[in-house]
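In: Sequence first, then the predicted structure, then my questions.
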Amino acid sequence: MGWTDVLYDCIDGEVLLEASLVGLGFGLSSLFYHFRNKHDAAAKHLKDASLLSINDDLLNEVKYAGDNFQYVALSGKVQPDAASLRSRYFPDREGVIINFITEERKEVWAKYSHVWYESENELSNIIDTVPFSLKGADNATVHVVDPLQSSWCSDTLDTINKEYRSPNSSVMDSIIGIVSGDRVKGYTDTEKMLQVGTKLLGIGELFIEDGLLKLKKPIHGEYILTKSSHADVIRHFQSKSKLWKVLGILSFAATVIGLYFAGKRFWEKYKSAVEYAKMREELAEVRQQRQATRRTTGNMSERNLGQDDTCIICLTNPRECVILDCGHICACVDCVEILPSPKTCPICRSDIKKIVPLFHA
Ligand SMILES: [Zn+2]
Ligand SMILES: [Zn+2]
């Protein structure tokens, strides 16, 4: 038996599971590293973004700058291009993005732990938006293209109103609720709004279309609308990058440790498999000897076998080998061979380290 065959024999479900876990660990580490790189690149990119102020000169500057102003950061006050949106609750409050969320709060009966627990789920999430621009000095404006595509967009929304409604349910509904283990407690309506006049920082690609300055999602780098400062945005990406780096290092270290122990276990398994292979070869030798003896002496020896000489397992063949380390002489090689692994002595149950053929003088 070649060592490669032994190696293949050692590969079982457990080894495959460990190998896939190690693979998964390395995969995760590289994924974390990828996130780290992404945030790092975004932070560097953001640092390189030209900080511009919105004023009457900006249009000309951009016109003659060519590609220099591809990625920019500029801040201005939110101003609708036409009619604005109005709050459902406070009609005097105007905005350009309104997000209306309805959540259902209910109690659900847990079958196993026998308690009611509260659960919340979103029933609807509607976003309305109207075209708007960022207004700087001299009434100069930069139109914001597809604001909902920007990251951090939700952070720019102020909560205008949060209201709790109880369900208008009948007594019958409550009974059905208790029986079915699912009763509605109420609803929460939340209205959020990007209000007209909010000072916003926009980071993206600046371009001119129909003689107007517009900001859009860049091909490279992040598209950001935020109430934070440019420096804060950079810091945010830097800290994210650090976090992913730490996670990457931790998962890599855990994987290497896992690989070490899995490798060690596999090596021990392989060593004992090699021992067993050797043992099997020895058993085969003993069997050959027996056949040779039978050819010369017929079945004489077998006929003369007393109870003390027959294998305690098959009660047919002679006892042919010494089991080490315990030293028991109790079985024939055929029976020792078919003992389930890990092989133990049929008499004292100690591990079989080696099998030595028995020679009758
Ligand atoms: Zn036997
Ligand atoms: Zn024994």
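Out: Received it, and whenever you're ready, just let me know what you need. Numbering: from 1, shown residues only. Ligands and ions are numbered 1, 2, ... in the order given.
In: quick one: low-confidence ranges for this protein?
Out: 1-2, 67-68, 297-307, 360-361 (pLDDT under 70).
In: ok, which stretches of it are strands?
Out: Ranges of strands in the chain, per DSSP state E, are 50-53, 71-80, 85-86, 94-110, 115-129, 132-135, 141-144, 158-165, 182-195, 199-209, 212-216, 224-226, 321-324, 354-357.
In: Would you mind putting those strands into TSV with distance to ligand 1 alongside?
Out: The way it works is simple: take the backbone N, C-alpha and C, and place the C-beta from them, glycine included. Listed next are the strands of the chain as TSV, based on distance: least, CB to the ion, whole Å:
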stretch	distance to ligand 1
strand 50-53	88
strand 71-80	82
strand 85-86	90
strand 94-110	58
strand 115-129	61
strand 132-135	91
strand 141-144	87
strand 158-165	80
strand 182-195	65
strand 199-209	82
strand 212-216	84
strand 224-226	79
strand 321-324	10
strand 354-357	13
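In: Pick the most buried one from these.
Out: A comparison of these by mean neighbour count, using mean count of other CB atoms under 10 Å, puts strand 224-226 on top with a mean of 24.
In: contacting residues around it?
Out: Contacting residues not belonging to strand 224-226 are listed as 144, 147, 150-153, 155-156, 200-204, 232-233 [CB atoms under 8 Å, 6 or more residues apart in numbering].
In: need the strands of the chain in JSON lines with distance to residue 244, can you?
Out: Output for the strands of the chain, formatted as JSON lines (distance: least, CB to CB, whole Å):
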{"stretch": "strand 50-53", "distance to residue 244": "27"}
{"stretch": "strand 71-80", "distance to residue 244": "22"}
{"stretch": "strand 85-86", "distance to residue 244": "37"}
{"stretch": "strand 94-110", "distance to residue 244": "29"}
{"stretch": "strand 115-129", "distance to residue 244": "28"}
{"stretch": "strand 132-135", "distance to residue 244": "31"}
{"stretch": "strand 141-144", "distance to residue 244": "29"}
{"stretch": "strand 158-165", "distance to residue 244": "30"}
{"stretch": "strand 182-195", "distance to residue 244": "29"}
{"stretch": "strand 199-209", "distance to residue 244": "21"}
{"stretch": "strand 212-216", "distance to residue 244": "27"}
{"stretch": "strand 224-226", "distance to residue 244": "19"}
{"stretch": "strand 321-324", "distance to residue 244": "55"}
{"stretch": "strand 354-357", "distance to residue 244": "53"}
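In: between the ones you listed, which gets nearest to ligand 2?
Out: When the strands of the chain are compared by CB to the ion, strand 321-324 sits nearest ligand 2, at 5.4 Å.
In: List just the one of the strands of the chain that sits closest to residue 12.
Out: Nearest to residue 12, of all those, is strand 354-357, at 23.6 Å by CB to CB.
In: give me the number of residues near residue 83?
Out: For residue 83, the neighbour count with other CB atoms under 10 Å is 9.
In: got the contact list for residue 71?
Out: Contacts of residue 71 by CB under 8 Å, 6+ apart are 45, 48-50, 203-205, 218, 220-221.
In: now swap in residue 221 and tell me
Out: Counting by CB under 8 Å, 6+ apart, residue 221 makes contact with 42, 45-46, 49, 71, 203-204.
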